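Engineer: Give me a 3D structure for the following:
(one chain, ligands or ions: 1)
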Amino acid sequence: MARKPLVEVDLERSPKHIAVIMDGNGRWASRRGLPRLEGHRRGYKALKNLLLAAADLNVKMITAYAFSSENWRRPADEVGGLMKLIAHAAKVELGYMKKEGVRMMASGRLHELPKPVREQFEQDIEETRNNTRIILNIAVNYGGRNEIIDAARKAAGMVAAGEITPEQIDDKLLSSFMYHPELPDPDLLIRTAGEMRVSNFLLWQTAYSELYVTDTLWPDFNKDELIKSIVSYQGRTRRFGAVVEEGSKK
Ligand code: FPP
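Structural biologist: Numbering: from 1, shown residues only. The predicted structure follows:
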């Protein structure tokens, strides 16, 4: 069967920053009678397979929710397995990221992570920091409320030290205290596996992001699915709270 061409996507208007909630790994596995961890393994492969496809579609950065601050409440063997998988992936994919020009970043309370994960992340971040093809920002031990709390604590510390007045705490200042203020807010937030929730992901940064929810389970989310999400995004009118004239959709 002939493949559909990429012309559906307007590369000039691709979302620069895509955030993904990679949901459905467990369901993918249980439908096949496999352990949940196998679903997470396939989820990691799906993310890897998307990276360069996204770069080819002119996406400049992806923030992927790999482990939330709430995920510690899962059964100990799943938590341990996920941590091992994340550390393993960060180790074995370093060469790939260097070769392919992927820059890795991380968002979350990284200091609370097990030492092997933290140290491997630090090495990856350092050794890929000059890469420019695409940024992969892994959200790990990440919670949107925690990120806002951490920012609020910094601002409160500045007030307590007499460096600023409470009135000087504004959007710009708090934005500058988020984990990666240099990354623009996500244009598009993708959630797989059908759930219509934000689940404590990038609460500050997704104020005006376009949402795309698909029933596809994360391990099955491939380049064609990514193209569908971008085409959907490109059919929207972004308002950022303002009124947009009829017919001005661009
Ligand atoms: C949600 O699916 C997914 C997670 C909690 C983990 C996401 C992790 C990965 C994709 C792999 C690790 C990533 C890297 C970067 C190495 P779920 O388990 O909640 O699925 P379910 O809702 O079907 O049970």
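
Engineer: per-residue confidence averaged over stretch 192-208?
Structural biologist: Taken as a whole, stretch 192-208 carries a mean pLDDT of 97.

Engineer: mind listing what the residue of the chain found nearest the ligand touches?
Structural biologist: In the chain, the residue that lies nearest the ligand is Gly26 (2.4 Å; Cβ to the nearest ligand atom). For the C-beta atoms, the positions are set from N, CA and C on the backbone; glycine is no exception. Going by Cβ atoms under 8 Å, 6 or more residues apart in numbering, Gly26 touches Arg36, Gly39.

Engineer: Remind me which helix or strand it belongs to.
Structural biologist: Using DSSP states H and E, Gly26 sits in helix 25-30.

Engineer: Could you give the separation of that helix from the chain centroid?
Structural biologist: Relative to the chain's own centre, helix 25-30 is displaced by 20 Å; criterion: Cα atoms, centre = their mean, to the nearest Å.

Engineer: Show me what the following helix or strand past it is in contact with.
Structural biologist: Toward the C-terminus, helix 25-30 is succeeded by helix 36-56 as the next helix or strand (DSSP H and E). The contact list for helix 36-56 (Cβ under 8 Å, 6+ apart) reads 18, 20, 22, 24-30, 32, 62, 64, 78, 81-82, 85, 89, 93, 96, 100, 102, 133-134, 136, 218-223, 226.

Engineer: so what's Arg239 scoring on pLDDT?
Structural biologist: pLDDT for Arg239: 81.

Engineer: near the ligand, which residues of this protein show up?
Structural biologist: 22-27, 40, 43-44, 47, 66, 71, 85-86, 89, 138, 193, 218 (Cβ under 6 Å from any ligand atom).
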